[in-house]
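Peer 1: All I have is the shape, not the residue letters:
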């Protein structure tokens, strides 16, 4: 079954706060600032908005933003679960709502004080064994308490199977950092990464060292989705949502799935890729640039394979030869990614995908950019989408 | 703008656990039992399911149920926020997903140990002032800490404006209880309510007395939505989702909205009604039976007015003369409602709506039942839907 909403909605406005380590204000205020910025970007008025979606993990209810920003009645609201796996899930919701007429203009947002407030690196503590997460009880006692520890486990196995290692992981970190160097919004603006720094950095959980791990950031990002018809009248060129999919695999768990036959497989992203390619009729050869979810360097490898940029096990070779750089095969994470711009749970990446389609990235490739892949986090139920130019 | 998904999906299977005050098992187990029962009801196999939706308030992740029940890959999952306002919101999600082909068979579920576990009547405590609920800080210090206290505030004002009072509220309680008397699944099975009992019961928050308040229950309910085409091959006659809408009003808050010009107005349900009637081309005269969210007796009055069964302020008269009973104008909450069957956050009501369409309620009206209204909770962002017979 192939979803029919491809090409029936467009991202028309993007907005964000500054990204920092200490915003000094509430997540509600950050969210409102990002929404106001997105409205200003496209020229829609607050009461044009009639739908809002966010993450289940977001602390700010959409009605609080609506009241604070002065939005009108809402005909549509929803949340997508599973942390960073939700990023393009918000666009999935918006595409469904706009294409069915449930709403005409949908705000997608994420706001977090991810450094000055709750830090994900603090790991899981407190009341662990709720009914929904009882499987955590099987590995938590052994010290696997943080996202880094969970992903390290997958990475160790993947590296063992494929021959991937620190030389390859460094290439992801370095090429991403090179993008941030040109992006004033990025934490690592004007701060390139060399191999010596990379090697000397502390180990977080082997084989993940400090610069294999994303930023912890305070900030918010928002974007606005409407119909292609409405998009024509707005201030900015829209980015058409050519296809978007969600997926959870068999025996899916949250960030772990340690009990499948093959620990190093991430079937959910394979399924999402199949869905999106089926919706769009596109394949990897058609993708001109990527915003690939990079909470950790290693999760980029899996995704390059899931989306067919290389064969299974060969991502370690693909990332060499500057293939993720501006003149490479797949200019990737041109904002600096979550490794080097900020970690807004993928929503800063959605905005960068729009900029790539518009041609306004601080690292805009010289070639024509027609189709941009944007993905959500892996290890959890996830998704992806392809953005393209308005027809 | 009118959504285009009306009539493009159907509820084909329903399932529930027993309803109790102490289930003796986890919310995960309850959820799985309800999902298995819904699958059995319609004859779909676990791996036919490719979508799952629930409440943000549900403790059980859909992937936990998927793994436990043996479902396959999921192409769609989401959560609807705002407690009981989410009930038909799940069907809104399912209708969007099925009509767009995002998923072919979507499970909607809710599971809670609402009496033996966390009780909503315990009210709000702990960390109150999060960014999303900062408005609670304005009335919580005055003791408005529980759903009953919030709704009592609205009710007092509504009664003052309309002349509604205990005579009218009793009629809602009694006629609902009369339904439960015939329903073996109901907490108040074979236990009618007379005026003396009603008047003698303790006051919870004036003007709400004990029997104006719903059950606190342990249990789970689930239903399965698929395409009308697929529905034709299944065991049970489907209930077509003729229309479904979500709505939040201007200056919407959670269960309070005490700061609008008129405290007693619940504009969100008015908006939902307009949406659903616009989608379906139906009006109040076409509705043969109702499952009207009854967390408290008084919230039924607002909804009768929102959906046009009477004029504003006249619901107090509408409920007299047995109009909510089997031979009345609008046979209502034929399962006994949340007042007298169980409080599963509205999802037991969705299942009753399906039974009314099928003709299998324990209180099936003698007349033909073609169109059934099902609503979500009020005071929060909310919604409603109309179910009808397969074409």
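Peer 2: Received the coordinates, thanks. Predicted, not measured: the structure shown is a model, and the values here were computed from it.

Peer 1: In a strand, residue A:167, correct?
Peer 2: No. Applying DSSP: H, G, I helix; E, B strand; the rest coil, one finds residue A:167 to be helix, outside a strand.

Peer 1: And the pLDDT for residue A:95?
Peer 2: Per-residue pLDDT puts residue A:95 at 98.

Peer 1: for it, what are its contacts?
Peer 2: Applying CB atoms under 8 Å, 6 or more residues apart in numbering or on different chains to residue A:95 gives the contacts A:5, A:8-9, A:225, A:241, A:244. (C-beta placed from N, C-alpha, C; glycine too.)

Peer 1: Look up phi and psi at the residue of the stretch 151-300 of chain A found nearest chain B.
Peer 2: When scored by CB to the nearest CB, the stretch 151-300 of chain A has residue A:248 as its residue closest to chain B, at 4.1 Å. Per-residue torsions, residue A:248: phi -130, psi 140 (degrees, to the nearest 10).

Peer 1: where exactly do the helices run in chain A?
Peer 2: Counting by DSSP state H, residue ranges of the helices within chain A are A:27-42, A:62-69, A:87-100, A:147-162, A:166-180, A:195-200, A:228-231, A:267-280, A:298-306, A:315-318, A:347-358.

Peer 1: looking at those, which is buried most?
Peer 2: Among those, the stretch with the highest mean neighbour count (mean count of other CB atoms under 10 Å in any protein chain shown) is helix A:87-100, at a mean of 30.

Peer 1: That one: how far from the chain's middle?
Peer 2: 15 Å (CA atoms, centre = their mean, to the nearest Å).

Peer 1: tell me the angle it makes with helix A:347-358.
Peer 2: On the basis of axes from the mean of the first three to the mean of the last three CA atoms, to 10 degrees, helix A:87-100 is oriented at 60 degrees to helix A:347-358.

Peer 1: so which of the helices of chain A gets nearest residue A:368?
Peer 2: helix A:347-358 (10.8 Å; CB to CB).

Peer 1: Just to check, residue A:202 is in contact with residue A:208?
Peer 2: No. At 10.5 Å, residue A:202 does not count as touching residue A:208 under the criterion of CB atoms under 8 Å.

Peer 1: So between the two, which is more surrounded?
Peer 2: residue A:208 (21 against 7; other CB atoms under 10 Å in any protein chain shown).

Peer 1: Could you pull up the contacting residues of the more buried one?
Peer 2: Neighbour list for residue A:208: A:148, A:151-152, A:155, A:296-298 [criterion: CB under 8 Å, 6+ apart].

Peer 1: Closest to residue B:351 out of those?
Peer 2: Looking across those and measuring by CB to CB, the closest to residue B:351 is residue A:151, at 40.8 Å.

Peer 1: neighbours around the closest residue to the closest one other than its chain neighbours, how many?
Peer 2: Spatial nearest neighbour of residue A:151, chain neighbours left out: residue A:296 (5.0 Å); criterion: CB to CB, 6 or more residues apart in numbering or on different chains. The tally of other residues near residue A:296 (other CB under 10 Å) stands at 28.

Peer 1: Residue A:321 too?
Peer 2: Using other CB under 10 Å, residue A:321 is surrounded by 11 other residues.

Peer 1: now residue A:361
Peer 2: That count, for residue A:361 with other CB under 10 Å as the rule, works out to 24.

Peer 1: What parts of the stretch 251-391 of chain A come near chain B?
Peer 2: When proximity is defined as CB under 8 Å from any CB of the partner chain, the stretch 251-391 of chain A approaches chain B at A:251-254, A:267, A:271, A:275, A:381.

Peer 1: Using pLDDT, spot the least trustworthy of those.
Peer 2: Out of these, that is residue A:254, at 83.

Peer 1: separation between that residue and residue A:268?
Peer 2: For residue A:254, the distance to residue A:268 equals 11 Å [CB to CB, to the nearest Å].

Peer 1: joint contacts of the two?
Peer 2: Contacts common to residue A:254 and residue A:268, judged by CB under 8 Å, 6+ apart, are residue A:380.

Peer 1: Point out where the stretch 51-200 of chain A drops to low pLDDT.
Peer 2: Low-confidence segments of the stretch 51-200 of chain A (pLDDT under 70): A:125-134.

Peer 1: The stretch 201-350 of chain A too?
Peer 2: Ranges of the stretch 201-350 of chain A meeting pLDDT under 70: none found.

Peer 1: redo that, cut-off 80
Peer 2: A:256 (pLDDT under 80).

Peer 1: hang on, the earlier thing: let me know how buried the residue of the stretch 151-300 of chain A closest to chain B is, in neighbour terms.
Peer 2: Residues near residue A:248, counting by other CB under 10 Å: 32.

Peer 1: Where do the strands of the stretch 101-250 of chain A begin and end?
Peer 2: A:105-113, A:203-205, A:208-209, A:218-226, A:239-247 (DSSP state E, counting those that start in this stretch).

Peer 1: mind checking which of the ones you listed is nearest residue B:198?
Peer 2: Among the strands of the stretch 101-250 of chain A, strand A:105-113 comes nearest to residue B:198, with 45.6 Å by CB to CB.

Peer 1: packing partners for the closest one?
Peer 2: helix A:27-42, strand A:51-55, helix A:62-69, helix A:87-100, strand A:218-226, helix A:347-358 (3 or more CB pairs under 8 Å, 6 or more residues apart in numbering or on different chains; DSSP states H and E).

Peer 1: and the first one, what does it pack onto?
Peer 2: The one in question is helix A:27-42. Using 3+ CB pairs under 8 Å, 6+ apart, helix A:27-42 is in contact with strand A:10-16, helix A:62-69, strand A:105-113, strand A:218-226.

Peer 1: returning to what we had before: what is the nearest of the contacts of residue A:208 to residue B:325?
Peer 2: The nearest one, if we look at those relative to residue B:325 and count by CB to CB, is residue A:151, at 59.6 Å.

Peer 1: What distance do you get for that closest one to residue A:222?
Peer 2: Counting by CB to CB, the gap from residue A:151 to residue A:222 is 27 Å.

Peer 1: hang on, the earlier thing: now do the contacts for the residue nearest to residue A:151.
Peer 2: A:147-148, A:151, A:155, A:208, A:212-214.

Peer 1: Out of the helices and strands packed on strand A:105-113, which is closest to residue A:165?
Peer 2: Short answer: helix A:347-358, nearest of these by CB to CB, at 25.9 Å.

Peer 1: Can you spell out which helices and strands pack onto the closest one?
Peer 2: Looks like helix A:347-358 contacts strand A:10-16, helix A:87-100, strand A:105-113, strand A:218-226, strand A:239-247, strand A:289-291, strand A:371-375, strand A:382-389 (3+ CB pairs under 8 Å, 6+ apart).

Peer 1: Reformat the ones you listed into a markdown table and put distance to residue A:167 next to each item.
Peer 2: Shown next, in a markdown table, are the helices and strands packed on helix A:347-358 (distance: least, CB to CB, whole Å):
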| stretch | distance to residue A:167 |
| --- | --- |
| strand A:10-16 | 34 |
| helix A:87-100 | 29 |
| strand A:105-113 | 33 |
| strand A:218-226 | 32 |
| strand A:239-247 | 31 |
| strand A:289-291 | 21 |
| strand A:371-375 | 24 |
| strand A:382-389 | 27 |
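
Peer 1: right, so of those, which gets closest to residue A:60?
Peer 2: Of all the helices and strands packed on helix A:347-358, it is strand A:105-113 that lies closest to residue A:60, at 5.5 Å by CB to CB.
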